[in-house]
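>>> below: sequence and its predicted model.
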Amino acid sequence: MNNPLIRKLEQFTRLSGSDRTILDELASTGIRRLGARRDLVREGEKPRAINLMLDGWAFRYKMLEDGRRQIISFFLPGDLCDLNIYLLREMDHSIAALTPLTFCEIPRDTFEQVTERPRIVQALWWDSLVAAAIQREWTVNLGQRNALERISHLICELFFRIRGVGLNDDSSFFCPITQNDLAEATGMTSVHVNRTLQELRGRGLVHWKGKQVEIPDLGALCQLALFNQNYLHLDREGAHLDAND
């Protein structure tokens, strides 16, 4: 299996051969598939397992009583949905498939066996820290950045996250997010999102056609977005250390 979890965790820590074998076994059991725009788990339900994204995109969201929805984060291949989710009595948010989704459900006992491996634990801690850092950056995005900066920042973040698991092609990447999704993730209206994307296109910074996004000048887009990738903590020192069985 071409395991995106291994590619992701090796951004933080060099894994041994036996570590990779264990993670491959983890990602090959309890595999489930879900159609696009269907809920993986709903707010109020009791969480059953840790979910590992294998193929496709998902998103975390909160729904208000009047039907308004806020997208809180996007899940990409290799992402784990909350390592300690089984501590909750019930979900306080929902997770849905953005595209047709393949994922695996990891029971608590199985996951605890995996965490007996020191380097896997180290990588998972890094992954948890990065997830928290991304949420902090989204808070800053909603509170401080203007429309151009918000959209640009999210595009930059997705580009670097996708590149980290080897799924983008040079300056372009597959992005199934709709303008309505962007609006719900950035606190803007769909009309405002459309105008902002048109301005980015007019500046020659982003070409968004269908589900493919091209970034002709990544440096210029990062500069406009006030984007500093340090919060993603990619290419850590531990990733270059030798890992022996």
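All right, it came through fine.
>>> ok, and for stretch 205-218, which residues are buried?
Leu205, Val206, Trp208, Val213, Ile215, Leu218 (16 or more other CB atoms under 10 Å). The way it works is simple: take the backbone N, C-alpha and C, and place the C-beta from them, glycine included.
>>> swap in stretch 113-130?
Neighbour-count burial for stretch 113-130 [16+ other CB under 10 Å]: Val114, Arg117, Arg119, Ile120, Gln122, Ala123, Leu124, Trp126, Asp127, Val130.
>>> nearest to Val191 among the buried residues of stretch 205-218?
Set against Val191, the nearest of those by CB to CB is Trp208 (16.0 Å).
>>> Leu40: what secondary structure?
The three-state label given to Leu40 by DSSP: H, G, I helix; E, B strand; the rest coil is strand.
>>> just the pLDDT at Phe111, thanks.
Phe111 is assigned 86 on the pLDDT scale.
>>> ugh, wrong one, Arg236
60.
>>> quick one: low-confidence ranges for this protein?
Counting by pLDDT under 70, the chain has low-confidence residues at 1, 235-245.
>>> got the buried residues for stretch 179-198?
Within stretch 179-198, the residues scored as buried using 16+ other CB under 10 Å are Gln179, Asp181, Leu182, Ala183, Glu184, Ala185, Thr186, Met188, His192, Val193, Thr196, Leu197.
>>> hang on, the earlier thing: list the ones among the buried residues of stretch 205-218 that fall in strands.
Using DSSP state E, the subset of those located in strands is Trp208, Val213.
>>> hmm, which two among the buried residues of stretch 205-218 are most spread apart?
Pairwise distances across the buried residues of stretch 205-218 peak at 14.8 Å for Trp208 and Leu218 (criterion: CB to CB).
>>> which residues are contacting the strand or helix carrying Glu105?
Secondary structure assignment for Glu105, by DSSP states H and E: strand 101-106. With CB atoms under 8 Å, 6 or more residues apart in numbering as the contact definition, strand 101-106 has outside contacts at 26-36, 40, 48-58.
>>> of these, buried ones?
26-27, 34, 40, 49-54, 56-58.
>>> now, these that are in helices?
Among the buried ones among the contacts of strand 101-106, DSSP state H puts Leu26 in helices.
>>> wait, which of the buried ones among the contacts of strand 101-106 is closest to Gly164?
Nearest to Gly164 out of those is Met53 (CB to CB; 13.5 Å).
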